[in-house]
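In: let me see the structure of the following:
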Amino acid sequence: MNKILVLDDNKSIQLLYSDELTEEGYQVVTSGDGSRVMELIEKESPDLIVLDTRLGKYDGLDLLQQIRNTYNDLPVILCTAYPTFKRGLKSMAADYYVHKSSNLKELKLRVKMALEGERAFLSKSNRSRVHERESIPTKQIMIEWSNLH
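Out: You can find the predicted model right below:
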């Protein structure tokens, strides 16, 4: 059973995501404490992280950079109500971006794609686009960029 770490400071969102993702067959751990992210990852060993861009006084994008610097291969889905983050340079380090909604269909799809592999969900006609995207090491670029600043 895959384990998902949901990081969101809104308790209602934590409960909603936990209930819905548990119904999908995942083990879910939730937290709203941005100060404990690295400790939680070490303790829980999640297979995937769903990360809000704002965790109280913590910036989720800064936390994303910390995660990438230590756990480069750990899939991270940014989930936020703020559409401007999608175009931000720091958000490129995430595997997927999902706009918060009461309909969790997109989030569930992205979770499956991140855990089971994107190719399993794409038709043959779309595979060339995936190959092109994979040829650009976005995560590595972001890590190298963050080390320069």
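
In: run through the bridge partners of residue 51.
Out: Counting by DSSP bridges, residue 51 is bridged to residue 7, residue 78.

In: what packs against the host helix or strand of residue 29?
Out: Residue 29 is located in strand 27-31, with elements delineated by DSSP states H and E. With contacts taken as 3 or more Cβ pairs under 8 Å, 6 or more residues apart in numbering; DSSP states H and E, strand 27-31 sits against strand 3-7, helix 11-23, helix 37-44. From N, CA and C alone the C-beta is placed, and that goes for glycine too.

In: quick one: low-confidence ranges for this structure?
Out: In the prediction, the chain carries residues with pLDDT under 70 at positions 82-93, 118-149.

In: just give me the residue closest to the centre of it.
Out: Central residue check for the chain by Cα atoms, centre = their mean: the C-alpha nearest the mean position is that of residue 77, 1.8 Å away.

In: what sits against that one?
Out: If a contact means Cβ atoms under 8 Å, 6 or more residues apart in numbering, then residue 77 has 48-51, 94-98, 107, 110-111, 114 as its contacts.

In: surely residue 8 and residue 32 touch.
Out: Yes: counting by Cβ atoms under 8 Å, residue 8 sits close enough to residue 32 to count as a contact (6.1 Å).
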